[in-house]
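**Student:** got a sequence here, can you build the structure:
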Amino acid sequence: MSGAVARIPVSAVDRELQRLTRSADRGVLWSAIALLLASKKGATRRAALRGTVSVAGASLAVNVVLKSLFARRRPAAELLPPARRLVKVPTSSSFPSGHSAAAAAFVTAVAMESPRTAVVLAPLAATVAYSRVHTGVHWGSDVIVGATVGAGVALATQRWWPIRESDEAAAHLVREVPALVEGKGLVIVVNPVSGDNDYDPTDDVTRALPAATVLRTEPGRDAVEQLEEALAARTEEALAVGAAGGDGTIAAAATVALRHRLPLVVVPTGTLNHFARDLGVYDLTEVVDATGAGEAVVVDIASVELETGAGTRTHHLINTSSLGAYPDLVRLREKWQGRWGKWPAFAAALVVMLRRAEPIRIRMDADWHDVWFIFVGNGWYRPHGAVPAFRSRLDSRLLDIRWVRADLRFSRTRAALALALGAIGSSKVYQERQVPELIVELDAPEAVAADGEVLGEARRLRFFVAGQIAAYRRDEDNPRWAARERPHHRRPLAIFRAVARRD
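**Tutor:** Presented below is the predicted three-dimensional model:
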């Protein structure tokens with residue numbers, strides 16, 4: 001390959017390839033592109049972060065490990081025309097190519113998060129790799145092996161940092177659900193302070209669903225109480241209840257939906273929108289389509305029953321609940337994920353939490369255990385044996401229970417190492433199970449969190465699947481929606497606003 005490249009006639013392309021290959025020294029080119037991608041929230045920011053991590057890993061594998069193991073001379077400079085040679089020739093081992101490894105690592109990582117962006121970057125990465133042969137500093141085999149290593153490093157990041165392969169969790173279709181044409185029969189509460197502080201979705205929801213009864217949350221007043229009052233005041237029977245807001249507002253509407261056996265309408269206008277993402281509802285257009293056509297799926301609603309000194313009370317939850325240090329972990333993750341991405345932030349928060357936390361003593365199945373925290377998911381979360389990332393089904397009628405043991409020697413260190421190696425699922429400190437009900441007793445009152453909110457302290461808890469309701473979701477197999485472009489599941493709230501205002 002090097003001989004064939006050396007016989008290519010000198011042209012203006014030589015100078016451009018020299019500039020390009022120098023721009024990729026020490027990953028400068030990919031760092032600049034990563035900064036550009038990171039300027040916008042959503043898939044491109046995650047792609048930038050995964051790409052940067054992958055380039056760092058590939059550079060370590062190639063420049064520190066492989067080049068130390070395999071000594072290989074560079075191609076002879078005299079084989080090339082003088083105009084094509086680099087002025088500063090690298091002195092390290094030729095095998096494998098670090099530039100090619102970084103290029104392949106970056107574009108592969110970007111493809112995992114944002115395939116469309118990777119299509120644009122792939123020709124650039126290939127040109128960088130080729131430029132190493134064109135300028136005479138690498139053999140063809142150096143480039144091929146380097147690119148293979150780089151792509152492998154990027155793909156390996158999935159072991160620690162899972163990628164969601166589907167836009168929505170699986171769930172059984174509901175065959176008979178009321179069609180809410182223009183929102184007729186719907187009572188929906190809008191939380192104007194959820195998500196973006198500069199955006200109030202009330203007007204957009206009202207325009208998109210003009211026949212619906214639209215409420216606004218009131219400071220200091222429970223959204224469940226508002227919905228109940230509106231239902232009681234109606235002269236016509238309500239056909240569905242809904243909420244536009246974050247997971248807390250959606251949980252309030254789900255509570256009322258379960259109580260009155262009504263279907264649920266979800267409009268994602270919060271910051272994270274975990275339930276809406278798992279449900280597969282990403283913008284107001286999909287809400288209008290699904291409600292107008294009467295398309296819905298079955299979803300589980302879980303509950304936690306708290307026994308305190310003042311009595312027993314029940315709280316419904318749509319996503320997760322937690323005990324011990326887990327609420328602090330979530331707060332740290334949410335604080336850092338805007339800069340680092342959700343899963344790197346979660347891993348870092350877990351390490352910090354394990355360092356600071358004090359174990360709690362609980363009793364499950366008649367046995368006492370010392371644990372760092374307990375995670376309870378409404379539904380079966382993925383991936384198994386790792387940090388819970390997303391649900392695979394919405395109607396499993398199961399709770400996903402995960403905890404980290406504190407009763408083993410060096411449990412903090414073992415958990416941190418297992419996490420770093422992507423092997424937390426095979427570590428003895430990590431436990432998980434899927435059950436329809438869980439009763440937890442504590443030797444001292446502990447704070448309980450659900451769907452991101454602290455519910456209070458309790459000494460005995462009962463987690464269970466309270467029931468199932470229908471939640472409106474557009475059936476993507478319906479031919480009538482074939483011409484509709486579905487936004488990618490990682491798009492930011494700005495896309496929601498744009499689509500909502502368009503309607």
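
**Student:** what ranges do the helices span in the stretch 151-300 of the chain?
**Tutor:** 202-208, 223-233, 247-260, 274-279, 284-293 (DSSP state H, counting those that start in this stretch).

**Student:** in the third one, what's buried?
**Tutor:** Within helix 247-260, the residues that qualify as buried by neighbour count (16 or more other Cβ atoms under 10 Å) are 247-259. (Glycine included, C-beta is placed from N, CA and C.)

**Student:** same question for the first one.
**Tutor:** For helix 202-208, the buried set under the neighbour-count rule, 16+ other Cβ under 10 Å, comprises T202, D204, V205, A208.

**Student:** export that helix as CSV, just CAs?
**Tutor:** Provided in CSV are the C-alpha atoms of helix 202-208 (Å, rounded to 0.1, in the frame of the first residue of the first chain):
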residue,chain,number,x,y,z
THR,A,202,-49.9,25.9,29.1
ASP,A,203,-50.7,27.9,25.9
ASP,A,204,-49.3,25.2,23.6
VAL,A,205,-51.2,22.4,25.4
THR,A,206,-54.4,24.5,25.2
ARG,A,207,-54.0,25.1,21.5
ALA,A,208,-53.1,21.5,20.7
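
**Student:** which SS class is W368?
**Tutor:** Three-state call for W368 (DSSP: H, G, I helix; E, B strand; the rest coil): strand.

**Student:** what's near enough to touch the closest residue to it other than its chain neighbours?
**Tutor:** Spatial nearest neighbour of W368, excluding adjacent residues (Cβ to Cβ, 6 or more residues apart in numbering): R361 at 6.2 Å. For R361, the contact set (Cβ atoms under 8 Å, 6 or more residues apart in numbering) comprises W368, H369, D370, L442, D443, A444.

**Student:** put together JSON lines for the helices of the stretch 151-300 of the chain, with distance to V65 and mean pLDDT on each row.
**Tutor:** JSON lines is the format used below for these (distance: least, Cβ to Cβ, whole Å; pLDDT from 0 to 100):
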{"stretch": "helix 202-208", "distance to V65": "54", "mean pLDDT": "95"}
{"stretch": "helix 223-233", "distance to V65": "55", "mean pLDDT": "94"}
{"stretch": "helix 247-260", "distance to V65": "44", "mean pLDDT": "95"}
{"stretch": "helix 274-279", "distance to V65": "38", "mean pLDDT": "92"}
{"stretch": "helix 284-293", "distance to V65": "48", "mean pLDDT": "94"}
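
**Student:** for V351, which of the ones you listed is the nearest?
**Tutor:** Nearest to V351 among the helices of the stretch 151-300 of the chain is helix 274-279 (22.5 Å), distances taken as Cβ to Cβ.

**Student:** centre of the chain versus the closest one, how much separation?
**Tutor:** 11 Å (Cα atoms, centre = their mean, to the nearest Å).

**Student:** who touches it?
**Tutor:** 168-169, 247, 250-251, 266-268, 270, 282, 297, 299, 318-319, 379, 390-391, 394, 471, 473, 489.

**Student:** just name the closest of the buried residues of helix 247-260 to A232, please.
**Tutor:** For the buried residues of helix 247-260, the nearest to A232 is V256 (11.2 Å; Cβ to Cβ).

**Student:** that closest one reaches V224, doesn't it?
**Tutor:** Yes. Contact criterion Cβ atoms under 8 Å: V256 and V224 qualify, at 5.9 Å.

**Student:** could you check the angle the biggest strand by length in the chain makes with helix 247-260?
**Tutor:** As assigned by DSSP state E, the longest strand anywhere in the chain is strand 453-472. Angle, strand 453-472 to helix 247-260, by axes from the mean of the first three to the mean of the last three Cα atoms, to 10 degrees: 60 degrees.

**Student:** helix 284-293 and strand 453-472, what's the angle between them?
**Tutor:** On the basis of the same axes, to 10 degrees, strand 453-472 is oriented at 50 degrees to helix 284-293.

**Student:** tell me where the stretch 101-250 of the chain has strands.
**Tutor:** If DSSP state E, counting those that start in this stretch is used as the criterion, the strands of the stretch 101-250 of the chain fall at 173-174, 186-190, 213-216, 240-245.

**Student:** closest one to P436 among these?
**Tutor:** strand 173-174 (21.4 Å).

**Student:** confidence-wise, which helix or strand of the protein is lowest on average?
**Tutor:** helix 493-502 (a mean of 39; mean pLDDT, DSSP states H and E).

**Student:** contacting residues for the spatially closest residue to L17 that is not a sequence neighbour?
**Tutor:** Excluding the flanking residues, the one nearest L17 by Cβ to Cβ, 6+ apart is S131, at 4.4 Å. Each residue near S131 by Cβ under 8 Å, 6+ apart is listed here: L17, Q18, L20, T21, A24, H99.

**Student:** give me the subset of those residues lying in helices.
**Tutor:** L17, Q18, L20, T21, H99 (DSSP state H).

**Student:** for those residues, pick the one with the most neighbours.
**Tutor:** Counting neighbours by other Cβ atoms under 10 Å, the top entry in the ones in helices among the contacts of S131 is H99, with 30 neighbours.

**Student:** quick check, pLDDT for it.
**Tutor:** With respect to pLDDT, H99 scores 95.

**Student:** ok, back up a step: want to throw the ones in helices among the contacts of S131 into JSON lines with distance to D400?
**Tutor:** JSON lines is the format used below for the ones in helices among the contacts of S131 (distance: Cβ to Cβ, whole Å):
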{"residue": "L17", "distance to D400": "52"}
{"residue": "Q18", "distance to D400": "55"}
{"residue": "L20", "distance to D400": "48"}
{"residue": "T21", "distance to D400": "49"}
{"residue": "H99", "distance to D400": "44"}
